[in-house]
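Visitor: I'll drop the sequence and a predicted model, then ask my questions.
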Amino acid sequence: MPSVRERAGEAHRRTVEAEIQKIARYLEEALGRNLVAYIADVDPKAVGRWANGDRSPRREAEDRLRAAYQVFQLLQEEESPHTVRAWFIGMNPQLDDAAPASTLKEGRLRDVLVAARSYISGG
């Protein structure tokens, strides 16, 4: 079984190689349009436009989307999509009991990735 570090590296590679349209579509299906919009701090209609390829997100929103996608990719190797979605919206002790979705919205992308690594390590 690959180490956490190896799995994190693979999730990073997939995130870097993915087009933003694919990421938006994937997250919309996996997390729901409203949660993705919350994370990106935009109107839900914008997520649909990104997923359809009609528009591209601003840099800050793209950064949040890519971070959410990377974390989802990492967690889904260990957990079901339902559990990963619950992880995004639930209180997280690694984030001072804030939800990872809220923490991403605040721009604390690295903190969420560290919390995801800790989760799959059993911490």
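Guide: That came in fine, so what should we check first?
Visitor: backbone phi and psi for residue 97, please?
Guide: phi 70, psi 20 (degrees, to the nearest 10).
Visitor: for it, what are its contacts?
Guide: residue 91 (Cβ atoms under 8 Å, 6 or more residues apart in numbering). C-beta coordinates here come from the backbone N, C-alpha and C atoms, glycine included.
Visitor: do that again at 10 Å, thanks
Guide: Residues near residue 97 by Cβ atoms under 10 Å, 6 or more residues apart in numbering: 90-91.
Visitor: same thing with residue 107?
Guide: Contacts of residue 107 (Cβ under 10 Å, 6+ apart): 41, 60, 63-64, 67.
Visitor: return the member of the residues you listed nearest to residue 50.
Guide: residue 64 (11.8 Å; Cβ to Cβ).
Visitor: in the lengthiest helix in the chain, what counts as buried?
Guide: In the chain, assigned by DSSP state H, the helix with the most residues is helix 59-76. Residues of helix 59-76 classed as buried: 61-62, 64-75 (neighbour count, 16 or more other Cβ atoms under 10 Å).
Visitor: could I get those in CSV, plus columns for distance to residue 18?
Guide: Output for the buried residues of helix 59-76, formatted as CSV (distance: Cβ to Cβ, whole Å):
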residue, distance to residue 18
61, 15
62, 11
64, 14
65, 10
66, 8
67, 13
68, 12
69, 7
70, 9
71, 14
72, 11
73, 9
74, 14
75, 16
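Visitor: ok, those vs residue 81, which is closest?
Guide: residue 72 (8.4 Å).
Visitor: could you pull out the helices for the protein?
Guide: Using DSSP H, helices in the chain cover 4-17, 20-31, 33-40, 44-52, 59-76, 81-89, 100-105, 109-120.
Visitor: against residue 80, how distant is residue 98?
Guide: Note on residue 98: its distance to residue 80, by Cβ to Cβ, to the nearest Å, is 23 Å.
Visitor: same check on residue 4?
Guide: 19 Å.
Visitor: give me the below-cutoff pLDDT ranges for the protein.
Guide: 123 (pLDDT under 70).
Visitor: center of it, which residue is that?
Guide: Central residue of the chain (Cα atoms, centre = their mean): residue 68, 1.3 Å from the mean position.
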